[in-house]
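# need a structure here:
(2 chains)
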Amino acid sequence: MAVADTPLQVAEQPAADQDDAVPGGRRWHGKLGIWLPGGAIALIVAACFLGPALFGLPRPVGGSVLESYLPAGSPGHLLGTDPNGNDILSRLLHGGRASLFIAFTVNVIGLVLGGTLGAVSGYVGGVVDTVIMRILDVLIAFPSLVLTLAVAQALGPSIRNTIFALAFFSIPAVARVARSAVLRLRGQPFMAAAELSGTSAWRMLFKHLAPNIAPQLITFGMLGMGIVIIIEGALSFLGLGIPAPAPSWGNMVADGQLSLSATPMLVVWPSLALLVTVLSFNLLGENLRSRWSGR
Amino acid sequence: MTTATLPRVPGNRGPRVSPLRRVTGSPALRLVVKRLLMAIPIMLGVTVLTFWVLSLIPGNAAQQLLGAEATPEDIALLEERLGLNESGVSRYLSWLGNAVTGDLGNSLVSGQPVSDVLGERLPVTGELVFLAFFVSLILAVPVALIAAHKPNGVLDRVSMMVSTLGLSVANYVLALLLVLVFAVTLGWLPAIGYVPLSEGLWANLEPMILPSAAIGLPLFCFYARFLRGDLVDQMQQEEYVTTARAKGIGSWQVLLRHAFRNSSFGLITVVGLNLGALIGGTVIVEQIFALPGVGQMLLQAINTRDFVVVQAAVVIFALVAVLANLFVDLMYAVLDPRIRYGSS
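Next comes the predicted model:
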C-alpha cells in the first residue's frame, strides 16, 4: 500500500502544502491509521477463508435440532448454536466469506468498467462525454436498491445474480470519480508532453492516466467495499441475496430478528461482524484519502 | 448578459429593460428552467429503464394472482383483461400518456388506483424522512461547529471517531439494536406499528422515534463529518477568514458568521444528493418497523409482480431525487449573489 502513493503525490503537488496546514494532521493520519484497519481487514479475511479449516469448525449448515440454542462457550461451539443447531462461529466465518467475495468482485468490476468509462469520458470529452454522463445521470437518479431488489427477484437469489445487480450500480459512482480525476490531469505538463510526442489515445489512457487515477479509485473502492457489504446484507436480510440455508451476515441478522427478545446474541454477533468489517474498510479508505489528498 | 449592450439612461440604476425581459433574463430563473428541462430526459430514462427491467422478470401478475393450478386459458384471459398481452413498447407508451396526466394506472392485484394507494402511503414515508432529516441536521450543525472550532482538539477527535463508527453501521442493524435496547430491554418505546396523526401528536410520534433514529443517526454522522471538514478548510485556507481575524473578530464569530455561511452551500448540496439514496433506504426500515409506507408497498408489489405499483414507486423515488437536486440549485441561486446576478 505504501508503494502506491508515489504517483499521486507527483500529480497533486499542492496537496502536500494543505496537509502541513493541519496541525498534528500527519500524526493522526500517520502510519497507524492505515496499518490498524488494514491489519484488521487482513485478520478478518484470514479468519473467514482459513479459519473454518484451521480450527476444524463444524459445517455451517445441516446441524442437528438436538443441539439448538446452545449457549456461548459450549464445548465445540465457542459462540453457541442457532435455532437449527448450527455453529454460530462457523456460520459467521462462512457468511463473511460470501460477503467479502461479493464485495470484492463487485468492486473490481465496478472499478474496471466504471473507471474505464469515466476515464474515456473525461479524456475524449465532447459528445461522447455528454452522452456517457447523461446515461449515468439516469442511473444515479434511479433508486438502486429498488432495481437491485427487482433484479434479485427476477433472476432468483444467488451469489452470481447479487454480484451482477450490485456491480451495475457501482459503475456510475466510480465513473464520476474517474472522470473528475482525469479532468484534473488534462492540464498537466506530462499530458501535453505525451500528446505532443504522438502517443496513441489508448496508450494515453492505460499508460499515463490509469496509473495516476488508480490511487484515487482504489481509495474509493475501499469505501465501496463497506457500502457493498452493507447493501448485500440488506438484500440477504430481505431474503433476496444469498439463499438460505447458506449463511450470510444479512440473513443471520434477519433470522435472529425473529427471536430478538429471547436470544439477542443471534443478532448481535453478525451485526458486530458487519460493523467491524465495514468500519475497517471505511477507516482505511478515509485515512488513505487524507494521506493522498491532504485533507 | 444580453441586456448589457443596451444604452444606459442617466438617472436610472441600470440598463432599461422591459419587465418581461427582466424576468426571463434573470440568471437564476434561466438556471431553474435549464435544470427543469434537463430533468425531463432523466425521468424518461428512469421510466424506460424500469419498464425494461420489469419486463425481464419472468412471471407476471396474472400467473401470480391465479396461482400454480390455473389453466393457460385462464391466465391468457386475465392477461388480456389486465393489458399484459400487449407489447412492451405499446404498454410503455400508453402508461406514459396516462402518467403525464397524473393517472398512474390501477394496481394489478387490488384494482385500486395507484394514485389513491400513494396518497395513503406517501405521508408515512414523508414523515419518516422529514423526521430523520430534521433530527440529523439539528444535531449535526452544532457538533460540526464545536469540532471545527478547535481542529484536532479532544472534542473534534471524539466526535469524529464516534461519527466514523456511526457511518459504518448498516441501518437495518442499527434498527434492530435500537429495538433491542429501547423496546425489548428498557420497554420505553414501541417496537413496531404506525398510528395516524389524527389520533394525537404523541401517539403518532412515539412509534416513529426509533425508525427515524435508525435512518437519522448515520445521516447525522455523515453531515457532521462533512460540515466539519468543510469548515476546517474554510478556516485554514480562505483569505476572508484571515481578514476577519485581522479585524479582531472573535474565533466563534468568524466560524459562525463567516465560515459557516460559506460551508452551508456544501451542506445543502450533500443534503440534496442524499435525499434520493435516503428514500431508497426507507424500504428496509419500513419493513422492520411495519410502517405502511411507500417502501413497504414496493416490497409487496415486487413479490406479487404488481408492476404497475412498482413502476409508480420507482417514479416517485426518482422524482424526489431529481426535485431535490433542482431544489439545491435553486437554493444556490437564492443564497449566492454571484449566481443570482450571473457574474460568476
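# helix or strand: which one has the residue positioned nearest the centre of chain B?
Centroid-nearest residue in chain B, with C-alpha atoms, centre = their mean: B:Leu275, separated by 2.3 Å. Here B:Leu275 sits within helix B:260-288, counting by DSSP states H and E.
# in contact with B:Tyr172, which residues?
By C-beta atoms under 8 Å, 6 or more residues apart in numbering or on different chains, the residues touching B:Tyr172 are A:233-234, A:237, A:250, A:253, B:214, B:284-285, B:288. All C-beta atoms are positioned from the backbone trio N, CA, C, and that covers glycine.
# isn't the residue nearest to the centre of chain B up against B:Ala324?
Yes. When contacts are counted by C-beta atoms under 8 Å, B:Leu275 is listed as touching B:Ala324 (3.9 Å).
# okay, the residue nearest to the centre of chain B and B:Asn152: tell me how far apart.
32 Å (C-beta to C-beta, to the nearest Å).
# rewinding a little: buried stuff in the helix holding B:Leu275?
Neighbour-count burial for helix B:260-288 flags B:260, B:262-264, B:266-272, B:274-276, B:278-288 (criterion: 16 or more other C-beta atoms under 10 Å in any protein chain shown).
# following it, which helix or strand comes up?
Next element after helix B:260-288 (DSSP H and E): helix B:294-303.
# what does the stretch 101-250 of chain A put close to chain B?
A:134-135, A:137-147, A:149-151, A:153-154, A:226, A:230, A:233-234, A:237-238, A:250 (C-beta under 8 Å from any C-beta of the partner chain).
# these in helices, which ones?
The members of those that map onto helices under DSSP state H are A:134-135, A:137-141, A:144-147, A:149-151, A:153-154, A:226, A:230, A:233-234, A:237, A:250.
# now A:Pro58. Nearest residue, chain neighbours left out?
A:Asp87 (4.5 Å; C-beta to C-beta, 6 or more residues apart in numbering or on different chains).
# backbone dihedrals for the one you found, please?
phi -70, psi 120 (degrees, to the nearest 10).
# can I assume it is in contact with A:Gly95?
No. Using C-beta under 8 Å, A:Asp87 is not in contact with A:Gly95, being 11.9 Å away.
# shared neighbours of the two, anything?
A:Pro60.
# please pick the buried ones from the residues of the stretch 101-250 of chain A next to chain B.
For these, buried by 16+ other C-beta under 10 Å: A:135, A:137-147, A:149-151, A:153-154, A:226, A:230, A:233-234, A:237-238, A:250.
# identify each buried residue in the helix or strand hosting A:Val120, please.
A:Val120 belongs to helix A:115-124 when elements are defined using DSSP H and E. Neighbour counts over helix A:115-124 (16+ other C-beta under 10 Å) mark A:115-123 as buried.
# helices and strands around it, which ones?
Counting contacts by 3 or more C-beta pairs under 8 Å, 6 or more residues apart in numbering or on different chains; DSSP states H and E, helix A:115-124 packs against helix A:126-141, helix A:159-185, helix A:210-237.
# contacts for the first one, please.
This means helix A:126-141. A:117, A:120-122, A:169, A:171-173, A:175-176, A:179, B:41-43, B:45-46, B:49, B:276, B:318, B:321-322.
# tilt between that helix and helix A:144-155?
80 degrees (axes from the mean of the first three to the mean of the last three C-alpha atoms, to 10 degrees).
# quick check: residues of the stretch 201-344 of chain B near chain A?
B:229, B:232-233, B:236-237, B:276, B:279-281, B:283-284, B:287-288, B:298-299, B:302-303, B:310, B:313-314, B:317-318, B:321-322.
# if we go to 6 Å?
Contact residues, the stretch 201-344 of chain B versus chain A (C-beta under 6 Å from any C-beta of the partner chain): B:236, B:280, B:284, B:302, B:314, B:317-318, B:321-322.
# dump those to JSON lines, plus pLDDT.
Conversion of those to JSON lines gives the following (pLDDT from 0 to 100):
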{"residue": "B:Gln236", "pLDDT": "75"}
{"residue": "B:Gly280", "pLDDT": "69"}
{"residue": "B:Ile284", "pLDDT": "85"}
{"residue": "B:Ile302", "pLDDT": "79"}
{"residue": "B:Val314", "pLDDT": "82"}
{"residue": "B:Phe317", "pLDDT": "81"}
{"residue": "B:Ala318", "pLDDT": "80"}
{"residue": "B:Ala321", "pLDDT": "79"}
{"residue": "B:Val322", "pLDDT": "80"}
